[in-house]
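Student: Next comes the sequence, and after it the predicted model I'd like to discuss.
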Amino acid sequence: MQWRILPKITADFIERFPQYPLPILQLLYNREFKTQEQIDEFLSPDFEGDIHDPFLMKGIKEAVVRIIKAILEQERIIIYGDYDVDGVCSSLILKSTLQKLGAQSVEIYIPDRHKEGYGLNTKILKEIGKKGPALIITVDCGISNFDEVDFAQKLGLEIIITDHHQVLEGRLPDAKIIINPHQEDDNYPFSDLAGAGVAYKLAQALLIDFKVIDGFDKWLLDLVALATVADGMPLLGENRTLVKYGLIVLNKTRRIGLLELVRQSRLLLPIVNSTDIAFALAPRLNAAGRMEHANMAFELLATESFEEAKFLAERLCQLNSERQVVVDKIIKTIEKKIDLGKKLIFEGDKKWLIGVLGIVAGKLCDKYRRPTMVFGQAEEGEIKGTGRSFEVFNLVEAMTNCSDLFLKFGGHPCAAGFSFKEENLEKVRNCLIEQAEKIKDDDLEKFLDIDLEINSVDFNWQVYDQIKIFAPFGRENREPIFLARNLKIDELKMVGNGNKHLKMNLCFMDLDKKIKTICFNFSQEFDKLKIGDRVDVAFEMIANEWNGFRELEMKIIDVKKVIEL
């Protein structure tokens with residue numbers, strides 16, 4: 001992997017913002033902030049000032065009027081969600097709000113990922129219709145369900161769509177009310193909300209209309225934070241504010257199931273952060289829909305029973321472990337077939353569990369820097385799969401250019417799902433590979449952007465505390481990466497389950513103190529290094545805290561041996 005040290009801060013930038021320490025200024029400069037207003041909004045998110053009026057979003061006013069009518073007349077309301085963390089949290093946000101406002105007949109339907117697939121399903125709509133009229137509110141899905149919406153309305157079912165996925169070719173389903181900030185004529189100031197963010201805006205609007213002022217909306221923010229981070233949404237703008245305040249709520253959460261999941265994930269309140277969500281809580285919650293059914297995750301977050309919380313949290317942890325084994329096996333199989341002469345990875349097997357393929361695609365895309373599309377179980381001649389990409393290759397756009405070959409597709413530019421007839425497999429493969437050939441060779445090079453080169457003087461708690469102002473970290477606001485040169489390896493060993501992780505003690509040339517480091521999944525580097533070697537390291541600063549003590553350490557992102565001449 002090549003390293004790119006980002007351009008050094010300019011004298012003009014230092015003069016314009018002299019009130020900030022140099023490391024903070026460099027990080028602000030790297031993130032291309034140009035005005036004091038941008039800096040203030042980023043460094044000091046304010047809930048009252050930075051959260052936009054929900055009624056600015058197209059469709060919200062109409063939805064509030066229709067939902068209030070349904071509540072007052074005690075109509076049957078079905079919340080139709082998705083089977084990932086975003087869909088589960090969206091469902092609970094809306095159900096909790098409707099019940100708070102007096103709705104008596106609110107049902108949740110989350111489809112089975114393996115049997116029913118993503119979004120609205122005609123078989124399920126038919127079953128809903130058999131029980132009589134209903135108002136269906138989709139959360140985190142629906143924007144690409146053209147035929148299903150038409151079918152539902154023929155059954156006398158009314159549909160409100162709330163979603164955050166890309167609108168396909170400017171087309172919208174024929175639903176009377178659609179809430180999605182990606183609609184062309186939507187003037188909402190921030191379009192990158194998660195599905196739960198959109199559901200939260202609807203909940204806010206309903207609570208405002210009902211004049212609920214007891215802070216109920218703020219206690220929903222733990223769910224918004226969970227969903228926004230889990231769905232990989234950019235942690236900038238309104239999302240940053242929602243997640244920052246959502247983490248405060250999460251660390252004080254009243255949800256018994258969430259508390260139990262935190263405990264069984266070996267996390268500590270009140271210091272759970274966005275990284276903990278991404279790598280501990282979200283994978284366990286997502287394991288429900290990937291391996292069995294997402295209802296398990298919903299029930300965990302909604303339960304008021306300590307016994308049920310313990311049982312469900314234990315089961316999710318177990319399913320997540322099983323998921324890891326399945327993912328590793330599929331990745332190893334694909335890696336034997338990868339042709340890096342092609343600019344797209346397209347592999348599959350009818351035996352592969354569809355629920356884990358998003359993780360498989362994501363890991364392969366990150367490792368090989370190739371758009372990756374992986375398919376699995378085929379039923380009745382239909383193949384389903386998922387794709388992951390990066391900024392230069394828009395999956396939805398690529399599939400739109402091959403749209404006549406797909407039964408369904410949709411999602412985000414860098415994460416999307418699809419299905420097609422089995423007989424079209426080779427045509428789909430060839431069409432997508434042809435689309436990927438438009439990627440420039442330089443864009444397939446793996447680069448690691450380094451924020452700042454530091455020496456032993458800068459490796460201290462003051463700098464660590466300064467960079468934590470930039471939290472919460474996530475997509476488009478990654479943890480700062482530093483470069484330290486010519487450190488000596490004082491200790492070297494493999495640790496962890498399966499000896500996959502590399503642990504080193506390093507010393508700066510001018511500092512006798514040993515610095516502890518951890519390098520996750522670095523087993524391939526162990527044989528290349530030995531005690532006494534000099535290395536350059538790209539790393540994140542981390543704090544190891546135990547029994548009231550804390551020690552500043554390095555989380556190594558990449559290491560290069562210094563070649564002595």
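Tutor: The structure has been received and is ready for your questions.

Student: can you pull the pLDDT of the closest residue in space to Arg369 that isn't next to it in sequence?
Tutor: Spatial nearest neighbour of Arg369, excluding adjacent residues (CB to CB, 6 or more residues apart in numbering): Lys446 at 4.9 Å. To be clear about C-beta, it is placed using only N, CA and C from the backbone, and glycine gets the same treatment. Confidence at Lys446, expressed as pLDDT, is 89.

Student: Surely Lys446 is in contact with Arg4?
Tutor: No: look at Lys446 against Arg4 with CB atoms under 8 Å: they stay out of range, at 10.7 Å.

Student: Between these two, which contacts overlap?
Tutor: Shared contacts of Lys446 and Arg4 (CB atoms under 8 Å, 6 or more residues apart in numbering): none.

Student: who's in contact with stretch 327-341?
Tutor: So stretch 327-341 is in contact with 345, 347, 349, 352, 356-357, 359-360, 363-364, 368, 370, 374, going by CB under 8 Å, 6+ apart.

Student: Show me what counts as buried in the top helix by length along the chain.
Tutor: Looking across the chain with DSSP state H, the single longest helix is helix 306-335. Buried residues in helix 306-335, counted by 16 or more other CB atoms under 10 Å: 308-313, 315-317, 319-320, 323, 326-327, 330-331, 334.

Student: where does the chain dip in pLDDT?
Tutor: Along the chain, the model assigns pLDDT under 70 to residues 378, 565.

Student: domains in it, as residue ranges please.
Tutor: Domains of the chain are assigned by automatic domain parsing as 13-44, 54-239, 251-332, 337-444, 448-565.

Student: quick one: terminal-to-terminal distance for the third one?
Tutor: End-to-end distance of domain 251-332 (CA to CA, to the nearest Å): 38 Å.

Student: ok, now the second one?
Tutor: Between the opening and closing residues of domain 54-239 lies a distance of 14 Å (CA to CA).

Student: For that domain, what is the distance to the chain centroid?
Tutor: Taking CA atoms, centre = their mean, to the nearest Å, one finds the center of domain 54-239 at 19 Å from the center of the full chain.

Student: Check the third one too.
Tutor: Once both centres are worked out by CA atoms, centre = their mean, domain 251-332 turns out to sit 15 Å from its chain's centre.

Student: all helices for the stretch 451-565 of the chain, in order.
Tutor: Using DSSP state H, counting those that start in this stretch, the helices of the stretch 451-565 of the chain run over 461-467.

Student: Which parts of it are strands?
Tutor: Per DSSP state E, counting those that start in this stretch, the stretch 451-565 of the chain carries strands over the ranges 452-453, 482-495, 501-507, 515-519, 534-546, 549-561.

Student: how about the CA coordinates for the second one, as PDB?
Tutor: Spelled out, that is strand 482-495. Taking Å, rounded to 0.1, in the frame of the first residue of the first chain, the C-alpha atoms of strand 482-495 are listed here in PDB:
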ATOM      1  CA  PHE A 482      -0.200   9.700  11.900                       C
ATOM      2  CA  LEU A 483       3.200   8.700  10.600                       C
ATOM      3  CA  ALA A 484       6.200   8.100  12.800                       C
ATOM      4  CA  ARG A 485       9.600   7.200  11.200                       C
ATOM      5  CA  ASN A 486      12.500   5.100  12.200                       C
ATOM      6  CA  LEU A 487      11.200   3.400  15.300                       C
ATOM      7  CA  LYS A 488      13.000   0.400  16.700                       C
ATOM      8  CA  ILE A 489      11.200  -2.900  17.300                       C
ATOM      9  CA  ASP A 490      11.900  -3.900  20.900                       C
ATOM     10  CA  GLU A 491       9.300  -6.700  21.200                       C
ATOM     11  CA  LEU A 492       7.400  -8.700  18.600                       C
ATOM     12  CA  LYS A 493       4.800 -11.500  19.000                       C
ATOM     13  CA  MET A 494       1.500 -12.800  17.500                       C
ATOM     14  CA  VAL A 495      -1.600 -12.700  19.700                       C
END
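
Student: Any chance you could list what contacts it?
Tutor: Here strand 482-495 makes contact (CB under 8 Å, 6+ apart) with 3, 5, 450-455, 459, 500-509, 514-515, 518, 523, 526, 529-541, 554, 562.
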